[in-house]
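Q: What follows is a protein structure lacking sequence information:
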Ligand code: PAF
């Protein structure tokens, strides 16, 4: 595996190689969820394709009171995981070279990014989209893979790739979960043992709502109330949002119909740790 730090070197390489390349963008602190994305990259790519993982803790997608300074940085373990998963290139740029001191351009998505995490984390999605666009321009992948846990992020990336004509196929990979159902996330490392013990109840709440939907419940207010009651039952949980949206447009739904593609989205704070999760509410 080659570790490439300067963007220029990465960009030169990506323009020279003829074979397909697949990008898995990350902020490091890699876990089994990232490993699954890397394996998926290998599975879907041509046999001769190059798999590139980027690790960059992107400062401009963190709000002022967020966890940028304490975000887990575990480079040695990340390198080991990438080597084990047969990654070809690990792109590991510095903040200074990703953002010139006079950088003044950001990508701003104006619809999908307004609700859910966009409402609670102003500027987050603009910072995320800007760095993903930069990574796309540097690595020039044919395919890029993102986890569905961050469903809103994935929807925004799909939209800007479409709107700005990036010639890149975006693949969403199903959320990878711990055995007890908790969605894997680098931020799970922040959970105290007490909070970690109750964290799986978030997914249990989502599953209960999906089960109600599967048995025919279509009333959005009833489904939202079931989610709220289950989440409020989690000791110490502070609910940020519970919403049912069309999973493509992220427009809120007032009713469930044949084509409304409903998905339940939640964000819950357990102590200082903010966890998000989502589940499809398609009829069975
Ligand atoms: O999901 C993430 O890890 C980040 O938001 C991403 C897509 C790597 C951009 O910094």
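A: Here it is on my side, so go on. Quick caveat: nothing in here was measured; it's all calculated off a predicted structure.

Q: Ignoring the adjacent residues along the chain, who's closest to residue 133?
A: residue 107 (5.5 Å; CB to CB, 6 or more residues apart in numbering). Quick note: C-beta positions are derived from backbone N, CA and C, even for glycine.

Q: Then that neighbour would be within a helix, right?
A: No - counting by DSSP: H, G, I helix; E, B strand; the rest coil, residue 107 is not found in a helix; it is coil.

Q: Quick check: it touching residue 160?
A: Yes - at 6.0 Å, residue 107 counts as touching residue 160 under the criterion of CB atoms under 8 Å.

Q: Look at the two and report which has more neighbours.
A: Shown here are residue 107 and residue 160; by other CB atoms under 10 Å, residue 160 has more neighbours (22 against 19).

Q: For the helix or strand where the more buried one lies, which outside residues touch it?
A: Using DSSP states H and E, residue 160 falls within helix 151-163. Here helix 151-163 makes contact (CB atoms under 8 Å, 6 or more residues apart in numbering) with 107, 109, 111-113, 116-118, 125, 128-129, 132-133, 136, 144, 146-148, 166, 168, 170, 172, 247-248, 250, 263, 265, 278.

Q: so who does the closest residue to residue 223 other than its chain neighbours touch?
A: Nearest residue to residue 223, sequence neighbours excluded (CB to CB, 6+ apart): residue 209, at 5.4 Å. Listed by CB under 8 Å, 6+ apart, the contact set of residue 209 reads 223, 226-227, 230, 264, 279, 281.

Q: Restricted to strands, list those residues.
A: Here DSSP state E is the test, and the contacts of residue 209 give 264, 279 as lying in strands.

Q: Any residues of the stretch 101-250 of the chain in contact with the ligand? List them.
A: Within reach of the ligand by CB under 6 Å from any ligand atom, the stretch 101-250 of the chain has these residues: 128, 131-132, 150, 153.

Q: could I get these as TSV with neighbour count and pLDDT?
A: Listed next are those as TSV, based on neighbours: other CB atoms under 10 Å; pLDDT from 0 to 100:
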residue	neighbour count	pLDDT
128	26	98
131	24	98
132	26	98
150	19	98
153	23	98
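
Q: can you tell me which two in the residues you listed are farthest apart?
A: Within these, 131 and 150 form the most distant pair, 13.6 Å apart (CB to CB).

Q: intersection of neighbour lists for these two?
A: With CB under 8 Å, 6+ apart applied, the contact sets of residue 131 and residue 150 do not overlap.

Q: Could you tell me which residues within stretch 18-33 count as buried?
A: Across stretch 18-33, burial judged by 16 or more other CB atoms under 10 Å covers 20-31, 33.
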